[in-house]
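A.B. asks: Got a predicted structure plus its sequence, pasted below:
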Amino acid sequence: MAEIVIVPDRAAAGALVAEEIAALVARRPDAVLGLATGSTPLPVYEALRARLSGADVSRVRGFALDEYVGLDPAHPESYRSVIAREVVEPLGLDPDRIRVPDGTLEGIEHHGADYEAAIAEAGGVDLQILGVGTDGHIGFNEPGSSFASRTRVKTLTAQTREDNARFFDSVDEVPMHCITQGLGTILDARHLVLLAFGEGKSEAVAGAVEGPVTSSLPGSAIQLHPHVTVVVDEAAASALAHADYYRYAYANKPAWQGL
């Protein structure tokens, strides 16, 4: 069962997860981080700026979850640009150690396998940051994705494109396809940390944590993983049937366990 941590707000969530990441980097200076994009993980990256200030992060490695297919890597909303702007530069990471799936059209049929090989060569992901879409997707694994799937090209749903249109001038500019780590790839990470904020994510969170394990709600795949931490604010937790128990369990958790 995932550990559910209900916090007052995004800032508290960011501080909590940043503390765990900083501890990981202190234990393992060449830690491998799984990096999500979008608005959800921003509080974590913001908190990490202060938490890792002065620390040696020169050996930290990272793999982004996904990338748009056919979007110029220099475009400000390509995930290569987003990761550079929001993670690599503020945290002082070595850009050569941070990988993003290759979304260029040339050779696209091989890019997924190449990315899988790079993750394996790095020894796998130590801690994977995740968000969850309103339809329950994680990464760009839309409903119907196989739990055994690996990094591959996917067609984005109309809902996902509409959700992401806020980053573009119009929904028509949101690419139709993406390359994303598969659910099987994500489940290979040693620790999954899923964040969600706002009432709009409450049903997806409840389904992922308490609902049946089903490809119709890809986020429910986290129930198959042995080490999952779900960090949500009160609004995102509002549809959880056992929220009171989660609060009680976390309040009485042995301090040595960490996240």
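C.D. replies: In hand now; what should we look at?
A.B. asks: surely Ala18 meets Ala55?
C.D. replies: No - assessed by Cβ atoms under 8 Å, Ala18 is found out of contact with Ala55, at 11.7 Å. (C-beta placed from N, C-alpha, C; glycine too.)
A.B. asks: any idea how far the residue with the largest distance to the centre of the chain is from Leu194?
C.D. replies: Ranked by distance from the centre of the chain (Cα atoms, centre = their mean), the top residue is Asn252, with 27.2 Å. Using Cβ to Cβ, to the nearest Å, Asn252 is found at 22 Å from Leu194.
A.B. asks: now swap in Val32 and tell me
C.D. replies: 18 Å.
A.B. asks: next one: His110
C.D. replies: In terms of Cβ to Cβ, His110 sits 30 Å off from Leu194.
A.B. asks: More neighbours: the two, which one.
C.D. replies: Between His110 and Leu194, Leu194 has the larger neighbour count (other Cβ atoms under 10 Å), namely 24 against 10.
A.B. asks: If we ignore the residues flanking it in sequence, what's nearest the more buried one?
C.D. replies: Take Leu194 and drop its neighbours on the chain: the residue closest to it by Cβ to Cβ, 6 or more residues apart in numbering is Leu130, 4.3 Å away.
A.B. asks: Ser145 now?
C.D. replies: Pro218 (5.0 Å).
A.B. asks: these two touch, right, the one you found and Ser146?
C.D. replies: No - if you go by Cβ under 8 Å, Pro218 and Ser146 don't touch, sitting 9.4 Å apart.
A.B. asks: Find residues that contact each of those two.
C.D. replies: Leu183 (Cβ atoms under 8 Å, 6 or more residues apart in numbering).
A.B. asks: Would you list the phi and psi of the closest residue to Ala235 other than its chain neighbours?
C.D. replies: Excluding the flanking residues, the one nearest Ala235 by Cβ to Cβ, 6+ apart is Glu199, at 4.3 Å. Phi and psi for Glu199, reported as degrees, to the nearest 10, are phi -60, psi -30.
A.B. asks: Then Asp72?
C.D. replies: Dihedral angles (degrees, to the nearest 10) for Asp72: phi -50, psi 130.
A.B. asks: Going toward the C-terminus from the helix or strand of the chain with the lowest mean pLDDT, what's the next helix or strand?
C.D. replies: When the helices and strands of the chain are compared on mean pLDDT, DSSP states H and E, helix 158-164 comes out lowest with a mean of 89. Once helix 158-164 ends, the next helix or strand along the chain (criterion: DSSP states H and E) is strand 177-180.
A.B. asks: contacting residues for the residue nearest the centre of the chain?
C.D. replies: For the chain, Leu130 is the residue whose C-alpha lies nearest the centre (Cα atoms, centre = their mean; 2.2 Å). Listed by Cβ under 8 Å, 6+ apart, the contact set of Leu130 reads 34, 36, 65, 138-139, 186, 192-195, 222.
A.B. asks: now do 6 Å
C.D. replies: 36, 138, 194 (Cβ atoms under 6 Å, 6 or more residues apart in numbering).
A.B. asks: burial measure for Phe167, as a count.
C.D. replies: A count of nearby residues for Phe167, using other Cβ under 10 Å, gives 14.
A.B. asks: just to confirm, which helix or strand has the residue lying closest to it once chain neighbours are set aside in it?
C.D. replies: In space, Phe167 comes closest to Glu77 once its chain neighbours are excluded; the distance is 4.9 Å by Cβ to Cβ, 6+ apart. Of the helices and strands defined by DSSP H and E, none includes Glu77.
A.B. asks: do the same with Lys154
C.D. replies: Element membership of Lys154, judged by DSSP H and E, is strand 152-155.
A.B. asks: Quick one: the helices in the stretch 1-150 of the chain, in order.
C.D. replies: Taking DSSP state H, counting those that start in this stretch as the criterion, the stretch 1-150 of the chain carries its helices at 10-27, 42-51, 79-83, 89-91, 108-121.
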